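Q: generate a structure from the sequence data that follows.
(chains A and B)
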Number of protein chains: 2
Amino acid sequence: MSKKTRIVVVGAGFGGVKVVRELAKDKSLDITIVDRRNFHLFQPLLYQLATSLLSTDEIAYPIRSFFRHNKNVDLFMAKLRGLDKERKVVITNHGEIPYDYLVLAAGATTNFFGMESVEEHSFPMKTLQEALHIRNHVIHMFERANKIEHNEEERRRMLSFVVVGGGPTGVELAGSLAEVINLIMKDEYHNLSPDEISVKLVEATGGLLPMMPPDLQQETVRVLEKKGIDVMLNTQVAGCDKNSLILKDGRVIPTNTVIWAAGVKAVPIISKLGFACDRAGRVIVNEKLQVEGERDIFAIGDCASFCHGTERPLATVAPVATQGGAVAARNIKRLIAGDENLETFHYKDQGAMATIGRTEAVVNMNGTKMKGFIAWVVWMFVHLLRLAGAHTNTTVLLKWTWNLLSGTRLGRIITNMQYDESRELRPMPLDPEEKG
Amino acid sequence: MSKKTRIVVVGAGFGGVKVVRELAKDKSLDITIVDRRNFHLFQPLLYQLATSLLSTDEIAYPIRSFFRHNKNVDLFMAKLRGLDKERKVVITNHGEIPYDYLVLAAGATTNFFGMESVEEHSFPMKTLQEALHIRNHVIHMFERANKIEHNEEERRRMLSFVVVGGGPTGVELAGSLAEVINLIMKDEYHNLSPDEISVKLVEATGGLLPMMPPDLQQETVRVLEKKGIDVMLNTQVAGCDKNSLILKDGRVIPTNTVIWAAGVKAVPIISKLGFACDRAGRVIVNEKLQVEGERDIFAIGDCASFCHGTERPLATVAPVATQGGAVAARNIKRLIAGDENLETFHYKDQGAMATIGRTEAVVNMNGTKMKGFIAWVVWMFVHLLRLAGAHTNTTVLLKWTWNLLSGTRLGRIITNMQYDESRELRPMPLDPEEKG
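A: Coordinates of the predicted model:
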């Protein structure tokens, strides 16, 4: 029996799973996925977990389930700590893993652009835990304000929710948050006056959804404002403390909830591997998706900086990762076969879409622009089709239908509460290493 | 406007929700539910959360949703700290709440019978967090054993799962655990040999499910053994450490997973309120469900000790709480109306049932005994009917159907991992106050 070729894929996001899917059929390969989680996360719907519409089980899918029938694929649940290129081993907190070919698909984390006060006091939303943390915190603020807090000013601050960042994540989250508040919270918290509650969306530039044409950008602002959201364009953030968001122009917004959706960067370990990286910490790859100067190491998705034929590196979106994963897998197969003539990665942009709450979305695909209900239906089906697993699709479709018909949101459960030093019940703090 | 009568109900379990439902229609009442959670928990299905079949949202239901249309009902999310009978106020960690009538329905917690080593090292399963903790821990043990642990003895210990307690909780959990292992884990962990995995059910007495007739008890043992579970009757526990369960006869079972389902007692605060309590810390009530010697304070469900006409206090099961809640509500209405002639509580025992995994159950209702598939179908419909919310029923039915047809379990997601001091990834420890 000849020795098997060892492939190590770091990260089981859209890119990593695609690479492994493409390679798994070849039984002469021994494939190890390294991930500190045991699940693949469907990040585009994370905001629906944060706003109580979906459950963890619907947007997180066990990695092992993808590869149940591929005995040559295994998961090594551990955290990447480094790389030894000489010995060709990946270093993790649970030991080393030897590789012949390595794919870095470790993904992105929140970019606070060096603002420590924002990092300390705001709520990012890149992981499952962070989304649950937002869910718990928002409900907790309502509970506190409704019965426990008698000072009106404090109550208004508790009920002031600020989302920073006008990209798809910020827009979708703000829209969904306004909806859960309008349709449910205002009804269930009998002690609160609706005018004490506010949702703001803060964006540094002059428009929302930069990848959309101007008319759809304006449509987005219109729909959000119709939902009662205060859309603050051309508004830059200077910092944050426990009780307020501080703007560059000196204004202070009293709030206990700043959700930070203003930027991403590669996970920090990537820039510590000794490779050339861009400003966002993403490793620079050549046209074949190899890490600059390396034959056997590829990088794809949010942690890779691909800048060939475009002005800026490709965006950190799922299709870039998936398409890159397919090309990286084919190039690895060529190298194994002794063919050094590798395929060049050409990204096919399929357009963009964003939902702005129930029944409203904007879609811009292959030159076709859509808005309103029809755009929302298109958005819904595209996302259902891409969700992992037929079972998950069904419960998600059910929940979306109920939500459409009656505003139902089943997930309003505060799951991770604990008592802090002052013996107050609070959502559990996040693991500081969670972000890394 | 005359002053409203203030009712405070501590606990939103089966008993508490029933009381409030019965009283909510009367708009002259001002009802406050005190609970440290914002959800009602369907405890009978907790073991299905622990074994990855259901999601949190399906067995936990927001308390406010029950009373959305009852403006005279509100939730005070706080933890009971004490009682001032003179001033008629309930004391919580978020301040005091005045009452005219008080209902204690605070429920039960795990009883370790004074064994500190068991309390420290075993996994109880009375709360949502504890069930999630078991889920996370079991999956984590498989991940560790599969790739990281090379010592066979250590691996066997990691893959040895011991459930202590042969009541419904222990039996249902052991059966469900054996199933997820047989149908999924053995398939997905390619590095493990099935004979390294074991599930044991330890029971101190000579039989399982003490409320069942002997033939159904024997049937239960037979079905569990068929699933590969080692049923250890007449086996008493002496203690526990990080790596083993120690039996009274001196035997030591190497394991990292002791799930403790061997007993319950009232939540600790109940015995600190100054009332007479039984050995399990439950407050002793008279035939009208009033706390002994009190006119305005009632106690129902798992935290009440009702011992009239029966040899032992009524069992800590949902129907006792629900039926008690209805009687307590009616008695409060009488007292408010000036009628001191209160209704006596007569518990109608509806029988017992337990599921022993997919397609197998035992049922003993009104003299009718059932087992096997038909019993399982009966069990399923009874539980579906009692679940809160039509939406929840639907997703639960869907998940049960998928599980029946193909063993599907969507919830195998490790959600609450963090790094401990040794920088090892572990399930997050539980809040020590969680149990209280």
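Q: where's residue A:222, which helix or strand?
A: helix A:214-226 (DSSP states H and E).
Q: quick one: distance of that helix to the chain centre.
A: Relative to its parent chain, helix A:214-226 has a centroid offset of 23 Å by C-alpha atoms, centre = their mean, to the nearest Å.
Q: let me see the residues that make contact with that helix.
A: Applying C-beta atoms under 8 Å, 6 or more residues apart in numbering or on different chains, the external contacts of helix A:214-226 come out as A:171, A:174-175, A:178, A:201, A:207-210, A:212, A:231, A:233, A:354, A:356-357, A:360, A:362, A:364, A:369, A:371. No exception for glycine: its C-beta is placed from N, CA and C like everyone else's.
Q: what's the first helix or strand after that helix?
A: Counting by DSSP H and E, what follows helix A:214-226 is strand A:229-232.
Q: hang on, the earlier thing: now the helix holding residue A:222: buried residues?
A: Neighbour-count burial for helix A:214-226, with 16 or more other C-beta atoms under 10 Å in any protein chain shown as criterion, is recorded at A:216-217, A:219-221, A:223-224.
Q: for chain A, longest helix please?
A: Longest helix in chain A by number of residues (criterion: DSSP state H): helix A:318-336.
Q: tell me the mean pLDDT over it?
A: Average pLDDT, helix A:318-336: 97.
Q: over to stretch A:213-226?
A: 96.
Q: check stretch A:67-77 too.
A: pLDDT averaged over stretch A:67-77 gives 94.
Q: which single residue in the stretch 201-350 of chain A comes nearest to chain B?
A: residue A:269 (13.8 Å; C-beta to the nearest C-beta).
Q: was I right about that residue contacting residue A:90?
A: No: look at residue A:269 against residue A:90 with C-beta atoms under 8 Å: they stay out of range, at 10.9 Å.
Q: who has more neighbours out of these two?
A: residue A:90 (24 against 18; other C-beta atoms under 10 Å in any protein chain shown).
Q: need the contact list for residue A:112.
A: A:118-119, A:122, A:124, A:260, A:263.
Q: possible to save the residues you listed as TSV with neighbour count and distance to chain B?
A: Listed next are those as TSV, based on neighbours: other C-beta atoms under 10 Å in any protein chain shown; distance: C-beta to the nearest C-beta, whole Å:
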residue	neighbour count	distance to chain B
A:118	23	23
A:119	16	18
A:122	24	20
A:124	25	16
A:260	27	21
A:263	17	25
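Q: out of those residues, which sit inside helices?
A: A:118-119.
Q: quick check: residues of the stretch 1-150 of chain A near chain B?
A: Contact residues (C-beta under 8 Å from any C-beta of the partner chain) of the stretch 1-150 of chain A with chain B: A:36-39, A:55-58, A:60, A:62, A:64-65, A:68, A:71, A:73-79, A:93-95, A:128-129, A:132, A:139-140, A:143-144, A:146-148.
Q: again, only this time at 6 Å
A: Residues of the stretch 1-150 of chain A lying close to chain B (C-beta under 6 Å from any C-beta of the partner chain) are A:38-39, A:55-57, A:60, A:62, A:64, A:68, A:71, A:74, A:76-77, A:93-94, A:143, A:147-148.
Q: inside helices: which ones of those residues?
A: Going by DSSP H, the helices hold A:56-57, A:64, A:143 from the residues of the stretch 1-150 of chain A next to chain B.
Q: hmm, which of the residues you listed are the buried ones?
A: Neighbour counting with 16+ other C-beta under 10 Å marks A:56-57, A:64, A:143 as buried within these.
Q: residue A:391 contacts residue B:402, doesn't it?
A: Yes: counting by C-beta atoms under 6 Å, residue A:391 does reach residue B:402; the two are 5.5 Å apart.
Q: where do the helices sit along the stretch 51-200 of chain A?
A: Applying DSSP state H, counting those that start in this stretch to the stretch 51-200 of chain A gives helices spanning A:56-59, A:63-66, A:116-121, A:128-143, A:152-158, A:168-180, A:186-188.
Q: now do the fourth one against helix A:168-180, angle only.
A: Meaning helix A:128-143. Per axes from the mean of the first three to the mean of the last three C-alpha atoms, to 10 degrees, the angle that helix A:128-143 makes with helix A:168-180 is 30 degrees.
Q: which elements pack onto helix A:128-143?
A: Helices and strands touching helix A:128-143, by 3 or more C-beta pairs under 6 Å, 6 or more residues apart in numbering or on different chains; DSSP states H and E, are helix A:46-50, strand A:425-427.
Q: identify each buried residue in the longest one, please.
A: What it means is helix A:46-50. Counting neighbours by 16+ other C-beta under 10 Å, the buried set in helix A:46-50 is A:46-50.
Q: return the member of these nearest to chain B.
A: Among those, residue A:49 lies closest to chain B (C-beta to the nearest C-beta), at 10.3 Å.
Q: in terms of pLDDT, where does residue A:396 sit?
A: 81.
Q: and for it, nearest residue in space, chain neighbours not counted?
A: Leaving aside its sequence neighbours, residue A:396 sits nearest to residue A:58 (C-beta to C-beta, 6 or more residues apart in numbering or on different chains; 5.2 Å).
Q: returning to what we had before: from the buried ones among the ones in helices among the residues of the stretch 1-150 of chain A next to chain B, which two are the most distant?
A: A:64 and A:143 (37.3 Å; C-beta to C-beta).
Q: ok, of the residues of the stretch 1-150 of chain A next to chain B, which come out buried?
A: Buried residues within these, counting neighbours by 16+ other C-beta under 10 Å: A:38-39, A:55-57, A:60, A:62, A:64, A:74, A:76-77, A:94, A:143, A:147-148.
Q: farthest-separated two in these?
A: A:74 and A:147 (50.4 Å).
Q: how close does the residue nearest to residue A:119 when sequence neighbours are not counted get to chain B?
A: For residue A:119, ignoring the flanking residues on the chain, the nearest one in space by C-beta to C-beta, 6+ apart is residue A:112 at 4.2 Å. According to C-beta to the nearest C-beta, to the nearest Å, residue A:112 stands 21 Å off from chain B.
Q: wait, a helix at residue A:19?
A: Yes: when DSSP: H, G, I helix; E, B strand; the rest coil is applied, residue A:19 is found to be in a helix.
Q: surely it is in contact with residue A:327?
A: No: at 9.5 Å, residue A:19 and residue A:327 do not qualify as touching, with contact defined as C-beta under 6 Å.
Q: who has more neighbours out of these two?
A: Between residue A:19 and residue A:327, counting by other C-beta under 10 Å, residue A:19 is the more crowded of the two (31 against 23).
Q: for residue A:9, grab phi and psi.
A: Here is the backbone geometry of residue A:9 (degrees, to the nearest 10): phi -120, psi 120.
Q: tell me the bridge partners for it.
A: Residue A:9 has these beta-bridge partners by DSSP bridges: residue A:33, residue A:103.
Q: picking that back up, the longest helix of chain A: which residues count as buried?
A: A:318-333, A:335-336.
Q: nearest residue to residue A:187 other than its sequence neighbours?
A: With C-beta to C-beta, 6+ apart, the residue lying closest to residue A:187 is residue B:68, at 5.6 Å.
Q: do I have it right that the one you found meets residue A:190?
A: No: at 9.1 Å, residue B:68 does not count as touching residue A:190 under the criterion of C-beta under 6 Å.
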